[in-house]
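**Q** Predicted model and sequence below, questions to follow.
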Amino acid sequence: MGRIKTDVVKRNTAKLIKAHPTKFSKNFERNKESLNELAEVRSKKLRNVIAGYAVRLKKQEAEGPKIPKRSTRTYDMGERRPERRFDRGQGRRQPYAQRGRR
């Protein structure tokens, strides 16, 4: 499993890619250099995280939208549910207003 990116990283990376789409690519090293030119990132770690997330976004962009896989199995709900053993109408208590007062 990968690391979870904060909203700050995701939001700022998306803004940078939207503003400068040609400056970013699938190449991590090139993204780091572009980030140094475009934004003032004070920490080396944050710069690397943003550059890595930009790589991921560019790869997703190149692949196109994901289509969810559908299951090939079909279910017959009648087979999966056991038959009811009781009638819902039996054994229910009457509402308070309809009960006879004692």
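**A** That came in fine, so what should we check first? Residues are numbered from 1 along each chain as shown.

**Q** For the helix or strand hosting residue 13, name the packing helices and strands.
**A** Per DSSP states H and E: residue 13 is located in helix 7-19. For helix 7-19, the elements it packs on are helix 44-63, judged by 3 or more C-beta pairs under 8 Å, 6 or more residues apart in numbering; DSSP states H and E. C-betas here are computed from N, CA, C, even on glycine.

**Q** Residue 33: neighbouring residues, count only.
**A** 12 (other C-beta atoms under 10 Å).

**Q** For it, report the pLDDT, please.
**A** Residue 33 carries a pLDDT value of 95.

**Q** Secondary structure element holding it?
**A** Using DSSP H and E, residue 33 falls within helix 28-38.

**Q** list the helices and strands that helix packs on?
**A** helix 44-63.

**Q** Can you tell me what sits against the helix it packs on?
**A** Helix 44-63 has contacts (C-beta atoms under 8 Å, 6 or more residues apart in numbering) with 5, 9-10, 12-14, 16-17, 24-28, 31-32, 35-36, 41.

**Q** which parts of it are buried?
**A** Applying a neighbour-count criterion of 16 or more other C-beta atoms under 10 Å, one finds 47, 49, 50, 51, 52, 53, 54, 55, 57, 58 buried in helix 44-63.

**Q** Distance of the last one relative to residue 26?
**A** Counting by C-beta to C-beta, to the nearest Å, the separation of residue 58 from residue 26 is 5 Å.

**Q** One more: the fourth one?
**A** Relative to residue 26, residue 51 is positioned 11 Å away (C-beta to C-beta).
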